[in-house]
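Peer 1: Have a look at this prediction, sequence included:
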Amino acid sequence: MGRLRGVCIGAGYFSHYQYEAWKRIPEVEIVAFSNRDPERAKTVRERFGLARCYADYREMLEREAPDFVDVITPPPSHRCICAEAATRGIHIICQKPLAPTFDEARAIVADAARAGVRFMVHENFRFQPWHREIRRQLEAGAVGDRLHSLAFRSRLGDGWGEQAYIPRQPYFRDYPKLLVYETGVHFIDTFRYLAGEIRRVSAWLRRLNPVIKGEDCGLLVFEFANGALGQWDANRFNEPNCADARLTFGEFLVDGNGGSIRLYPDGRLTLQPLGKGERDIPYSWERRGFAGDCCYFTQRHFVDRMLDSRPFDTGGEDYLKTLQVQEAVYRSAESGQPVEV
């Protein structure tokens, strides 16, 4: 089988991580990309050596007839783009947030299924190397055979002041829903990856910076089907005390009946069995790309599953479960009551 021919749509800040990752996957050739901003397109063309650029993504899909498309555009555009690709039989990997509403996300997944094309969400946090290693440790029984709790604490510090988010992602300022919709969904998915399905949520959300429209602070409590509890305590207003808040996005504590696993902001993982001291968990990762090179690992997974026809970890139907939890979070915060998923 020859190389998979791919095209990309989008040339914003985050897309560069994905273009760079595609260049390191030998089974893929990105043959063209689409973007309407000439300056951004010029940067992508020069930096990644992509000669063919289209202002109209529909023309690109029609003329290039690729095997797959990587959708790296804002959420409101995803439904139309994915539908255009699906009707042409083009497989899809699509950036998150998947859509502005759950109903729209469900329609995107249904469109792909109806057309018989493969669909994966570019949900990359579960592919961060520390979360993969935590999963391996849990499966090996490193903290016992019963999971007690997961607790993640995050302070990003990019959302205070009049210029909040402007240097990197200014569109965050206008999201009517922000913290959970844009950041928390990563951790909902990661918690599901590590601890299984979530049955009930309780949530408290606030807006700390008045210059933005959505929430930037939240405390989320998850009740898992296996009896474990999860807690996500996050805000983008207050600052962290580490050099690179966007490496791990915070600190993680995982407790079981046999001990604890800790993730530190510098990527260090430790194991502390009950009755014993804390020790480092040796594992491989490098400071490359975004957050432990998770874009590469996500896209590598997409290609591997395209080649072996096995299910994607974050395929459409499964990812809707993550979005159902997200919906429950917002309902709980609005009602002030726990919400069943």
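Peer 2: Right, received. Where do you want to start? Note that the structure is predicted; figures quoted are calculated from it, not measured. Residues are numbered from 1 along each chain as shown.
Peer 1: so what's the spatially most central residue of the chain up against?
Peer 2: Nearest to the centroid of the C-alpha atoms of the chain, with distances taken as CA atoms, centre = their mean, sits residue 123, at 3.2 Å. Taking CB atoms under 8 Å, 6 or more residues apart in numbering as the contact definition, residue 123 lies against 96, 185-186, 189, 298, 314, 319, 322. From N, CA and C alone the C-beta is placed, and that goes for glycine too.
Peer 1: Which of those sits closest to residue 135?
Peer 2: Distance from residue 135 was checked for each of these by CB to CB. The minimum falls on residue 189, at 12.7 Å.
Peer 1: quick one on the thing from earlier: take the contacts of residue 123 and keep only those in helices.
Peer 2: Under the assignment DSSP state H, the contacts of residue 123 contribute 185-186, 189, 298, 319, 322 to helices.
Peer 1: close enough to count as contact, residue 333 and residue 207?
Peer 2: No - with contact taken as CB atoms under 8 Å, residue 333 and residue 207 are classed as non-touching, separated by 11.4 Å.
Peer 1: Could you tell me which residues touch both of those two?
Peer 2: By CB under 8 Å, 6+ apart, the residues touching both residue 333 and residue 207 are residue 215.
Peer 1: Pick out whichever of these two has more residues nearby.
Peer 2: Between residue 333 and residue 207, counting by other CB atoms under 10 Å, residue 333 is the more crowded of the two (21 against 16).
Peer 1: Now do the contacts for the closest residue to residue 34 other than its chain neighbours.
Peer 2: Using CB to CB, 6 or more residues apart in numbering and skipping the chain neighbours, the partner closest in space to residue 34 is residue 57 (4.0 Å). The contact partners of residue 57, by CB under 8 Å, 6+ apart, come to 9, 34, 81, 84.
Peer 1: how close does residue 54 get to residue 21?
Peer 2: 21 Å (CB to CB, to the nearest Å).
Peer 1: what's the answer for residue 74, then?
Peer 2: Applying CB to CB, one obtains 20 Å for the distance of residue 74 from residue 21.
Peer 1: the more surrounded of these two?
Peer 2: Here residue 74 and residue 21 are compared on neighbour count by other CB under 10 Å; more neighbours surround residue 21, at 23 against 13.
Peer 1: Just the helices from the stretch 201-341 of the chain, written as ranges.
Peer 2: Counting by DSSP state H, counting those that start in this stretch, the stretch 201-341 of the chain has these helices, from start to end: 245-248, 294-308, 316-335.
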